[in-house]
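Q: Just a sequence and a predicted model for now, questions to come.
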Amino acid sequence: MPFPNRAVTVVRVTQDPASRPVTSLDDRSPGGPSGAAGAPLSPVFTTRTDHARGVVTVRGRLDRRGAELVSGLVEVLVERGHRTVTVDLSRTTGVDAGAAAALDALAGRLATGGTRLDVG
């Protein structure tokens with residue numbers, strides 16, 4: 001299983017100096033990803049997954065690549081038995097067209113299996 005068996009998982013996606021995404025699970029410690037001169041990297045976006053309630057909360061700017069990560073988190077929740085999963089975008093600073101299309105496609109795939117994806 002790709003995520004710890006916890007009630008809540010936090011994922012931060014940052015951009016390293018070479019413009020490669022860096023993903024860290026539950027990175028709230030000073031020893032997390034860093035950029036030039038050891039300065040902490042600003043997150044491109046973060047997610048908080050509530051495994052008990054089936055909610056993925058996204059903060060920051062969500063692009064297509066980020067939506068693919070969110071899709072993976074949603075699929076983990078479905079595998080754990082959730083029939084309704086919520087992706088909370090109320091704390092995002094922007095969602096690009098690629099991300100919106102990816103989430104829409106995910107909702108269609110999940111609906112064929114009887115799972116409802118609420119995005120908002």
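A: Yes, it's here.
Q: Quick check: next helix or strand after the lowest-mean-pLDDT helix or strand in the chain?
A: In the chain, no helix or strand scores lower on mean pLDDT, DSSP states H and E than strand 21-25, which sits at a mean of 42. Helices and strands here follow DSSP states H and E; after strand 21-25, the next one along the chain is strand 43-50.
Q: Quick one: neighbours of Arg65, just the number.
A: 14 (other CB atoms under 10 Å). Backbone N, C-alpha and C define where each C-beta goes, glycine included.
Q: Show me what the helix or strand it falls within is packed against.
A: For Arg65, the element it lies in under DSSP H and E is helix 64-79. In terms of contacts (3 or more CB pairs under 8 Å, 6 or more residues apart in numbering; DSSP states H and E), helix 64-79 is packed against strand 8-15, strand 43-50, strand 55-62, strand 84-95, helix 97-112.
Q: can you list the residues that contact the fourth one?
A: The list of residues contacting strand 84-95 from outside it, by CB atoms under 8 Å, 6 or more residues apart in numbering, reads 45, 53-62, 70, 74, 77-78, 103, 110, 115-120.
Q: ok, now the third one?
A: Strand 55-62 is contacted from outside by 43-50, 66, 70, 73-74, 77, 85-89, 91-96, 99, using CB under 8 Å, 6+ apart.
Q: what residues are up against Val119?
A: So Val119 contacts 86-87, 89, 103, 107 (CB under 8 Å, 6+ apart).
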